[in-house]
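# what's the 3D shape of this:
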Amino acid sequence: MPLRMGTFTANSPSLGEDDMERRSLLRLLSVLGPVAAIPTFTPGELPRISAEPTDRDVDDWERVAWDYAQSVWIDLSGSRSANLVADIRDLSKQLARTTGTSERASLLRVYAQLSAFLALDLPLIAGARACWRAWAAARTAADASGDRDLAVWVRAEEAVESYYMQRVRTATENLLDEAVQLAGNHPSLGLAQAQKIRARVLAEDGRVEEARAALREFKDTYSALPSTVTDERISVWGLASAEAKSGEAWTLAKLGDAKAAAPLLEQALADLPEEKVGGRANIGLLQAWCLIQDHEVTEGLGHAVRVTQSLPVTPPRRRLVGEVLTALPDKARELPAARELRALVTPAAA
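Residues are numbered from 1 along each chain as shown. Sure thing, here's the model as predicted:
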């Protein structure tokens, strides 16, 4: 089965070239937690921070969040955290001085977004615990803002990351349940993401009919999303056809239906912007998985190795490489390419 080859090359980050900056980042993260979303400064404490620079207005903060949203799926993982932590720190102080209900709700929406973007950026530089703290802050802020769609999206994205990072299963399932319950019958990006990952979780449990039903629910929700979501191909606020197809293909591959998944992946790779190097790499690994299911072991392993060598091993790529290795027939598990692929995702190599 021929592959449409994508572009996966990128400059690998030098995560160790500035240890002092990394330690400073981790110290800043130590103050980030669920309560940070709603600062509790008392009036007597306010003079201590009265020398802070002039506050940004809501429009300015929303532009900051939008700029980050454009880069989440494009920049290399770990490249935004220092700036995000600095902005979150400034916004937290501004929230402590903000009493107007409408302005506070708007700032909390921004805080939730920045905390979520930080959580998505942390896995390669700070580990799981820092990620979950950032997600908890995002949930708290989203709930306090009163923005239901944002609260649904935050839970859905945290569930996706929980699945990738193999967090305890109940955490993922609880987040999915909360997202779906909060969404009700209102189609939204968050609801679609929750249904997409739920289908994957059900497939992993071998609940074939339930997984296919969840896929149908996802596709129904996707068809009801506004064009502002389905036409957005770069930022986190979009779910274009490429992501929808590759998400469906992942579940089909997990169900062992490589023949149905393969054409979806071809279409997804053709439609996905070149700038989304990480997403294209993930599709490449899905293709490798399907090749192995289709008994094209040599080609599948070779493709998986090339893709994995090209970029840092993020949680989704580590998860996909695990699927590729698990799909290998017993006699292929000690092939040189299989050993190389396994070595690429061990902690020392990754």
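# From the chain's centroid, how far away is the strand or helix carrying Thr326?
Under the criterion of DSSP states H and E, Thr326 resides in helix 315-327. Helix 315-327 sits 16 Å away from the centroid of its parent chain (C-alpha atoms, centre = their mean, to the nearest Å).
# What residues sit buried inside the following helix or strand past it?
Next helix or strand after helix 315-327 toward the C-terminus (DSSP H and E): helix 336-344. Buried residues in helix 336-344, counted by 16 or more other C-beta atoms under 10 Å: Ala337, Ala338, Glu340, Leu341, Arg342, Leu344. C-beta here means a position set from N, CA and C on the backbone, and glycine is covered the same way.
# Can you tell me the element Ala304 falls in?
Going by DSSP H and E, Ala304 is in helix 297-310.
# So what touches that helix?
1, 3, 8-10, 281, 284-285, 287-292, 317, 321, 324, 328-329, 332, 335, 337-338, 340-341, 344-345 (C-beta atoms under 8 Å, 6 or more residues apart in numbering).
# rewinding a little: for the buried residues of helix 336-344, which one is nearest Ser106?
Leu344 (44.0 Å; C-beta to C-beta).
# Confirm for me that the closest one is in contact with Val313.
Yes. Using C-beta atoms under 8 Å, Leu344 makes contact with Val313 at a distance of 6.8 Å.
# and the contacts of helix 297-310, which are buried?
Buried among these by 16+ other C-beta under 10 Å: 3, 8, 281, 284-285, 287-292, 317, 321, 324, 328, 332, 337-338, 340-341, 344-345.
# quick one: Val345 and Leu320 touch, right?
No. Val345 lies out of contact with Leu320 (C-beta under 8 Å); the separation is 9.6 Å.
# where do the helices sit along the stretch 151-300 of the chain?
For the stretch 151-300 of the chain, the helices defined by DSSP state H, counting those that start in this stretch cover 169-183, 189-204, 208-224, 227-230, 241-254, 258-271, 277-293, 297-310.
# Remind me what the second one packs against, helices and strands.
Where contact means 3 or more C-beta pairs under 8 Å, 6 or more residues apart in numbering; DSSP states H and E, helix 189-204 is packed against helix 148-164, helix 169-183, helix 208-224, helix 241-254.
# Over to the fifth one?
Under the contact criterion of 3+ C-beta pairs under 8 Å, 6+ apart, helix 241-254 touches helix 189-204, helix 208-224, helix 258-271, helix 277-293.
# Please identify which of those is closest to Arg80.
helix 277-293 (13.5 Å).
# list the contacts for Phe155?
Quick fix: residue 155 reads Arg, not Phe. The neighbours of Arg155, taking C-beta under 8 Å, 6+ apart as the test, are Arg139, Leu175, Leu176, Glu178, Ala179, Leu182, Gly190, Ala194.
# With distance to Cys131 added, can I get those in TSV?
Formatted as TSV, the contacts of Arg155 follow (distance: C-beta to C-beta, whole Å):
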residue	distance to Cys131
Arg139	13
Leu175	13
Leu176	17
Glu178	18
Ala179	18
Leu182	21
Gly190	18
Ala194	18
